[in-house]
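**Q** What follows is a predicted protein model with its sequence.
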Amino acid sequence: PLPRVPASPEDMVASAARAVTRAVAAGVTRQTVRIVVPDDERSYKVLGAVEIAGTSAAEDLDPWPGGLKQQYPIALALCRRLLRAVTGGGEQAVSEQCLDSEDACGLVLAQGAGPTEDAACLLFAGCDQLDQLQQVDAMASDRLLCLVNPQFRRREDFSLWQRGKAQAVFFDRG
């Protein structure tokens, strides 16, 4: 059957979790997951009085004028759901930490039923986070590590001085 396009963020996360789980079962523990960050539908109070919903309007050319920093909390919640679905853990089994606030790069960790089923997501990792990627990769060892919406796609996205390290840390790891 043909793949089905997810109709909602929940469908997207469920579909991604199924794909990640299938890949882990096939022995692939280093994965790249690309998700669409949905519009921000949270409610806010401006100056503590005027309530607004979301941060974008239909007429906006760019629904994310704040870039990755604006997308970060929404994408982080999706990463948490993804890891909960993959590991089968509850909300308490998932933790997060911001690795780089300027570049909106974060780490999400989830505990599975046993240590071998633990998993990690690195959100919005870019070329500037190569050292953190190397540390997280070493920490994850042979457990699942997903790069969610990394800000690089190929070795050439890295500087000449980073390419060899990027090749070893990411591209050769699958």
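**A** Nice, thanks for sending it over. Numbers count the residues shown, from 1 in each chain.

**Q** mind checking the SS state of residue 164?
**A** Per DSSP: H, G, I helix; E, B strand; the rest coil, the local secondary structure of residue 164 is helix.

**Q** ok, the nearest residue to residue 87 once chain neighbours are set aside - contacts?
**A** In space, not counting the residues next to it along the chain, residue 87 is nearest to residue 112; the distance is 4.0 Å by CB to CB, 6 or more residues apart in numbering. In short, each C-beta sits where N, CA and C put it, glycine included. Going by CB atoms under 8 Å, 6 or more residues apart in numbering, residue 112 touches 87, 88, 89, 93, 118, 119.

**Q** ok, now with 10 Å
**A** Taking CB atoms under 10 Å, 6 or more residues apart in numbering as the contact definition, residue 112 lies against 83, 86, 87, 88, 89, 93, 118, 119, 143, 144.

**Q** ok, the third one to residue 24 distance?
**A** Distance of residue 87 to residue 24, computed by CB to CB, to the nearest Å: 10 Å.

**Q** Overlap in contacts, the two.
**A** Going by CB under 10 Å, 6+ apart, residues that sit against residue 87 and also against residue 24 are 117, 119, 143, 144.

**Q** Tell me if I'm right that the third one and residue 117 touch.
**A** The reference is to residue 143. Yes: in terms of CB atoms under 10 Å, residue 143 counts as a neighbour of residue 117; the distance is 7.6 Å.

**Q** Touching both of those two, which residues are there?
**A** Once CB under 10 Å, 6+ apart is applied, the residues that residue 143 and residue 117 both contact turn out to be 24, 87.

**Q** rewinding a little: what's the lowest-pLDDT member of the contacts of residue 112?
**A** Lowest pLDDT of the contacts of residue 112: residue 89, 86.

**Q** Surely that residue and residue 82 touch.
**A** No: counting by CB under 10 Å, residue 89 does not reach residue 82; the two are 11.6 Å apart.

**Q** and these two? which has more neighbours close in?
**A** residue 82 (25 against 18; other CB atoms under 10 Å).

**Q** can you tell me how far the more buried one sits from residue 107?
**A** Relative to residue 107, residue 82 is positioned 13 Å away (CB to CB).

**Q** between these two, what contacts are shared?
**A** residue 121.

**Q** So residue 5, which state does it fall into?
**A** Three states are possible here, and by three-state DSSP the one that applies to residue 5 is coil.

**Q** next one: the one 5 residues further on
**A** For residue 10, the assignment made with three-state DSSP gives helix.
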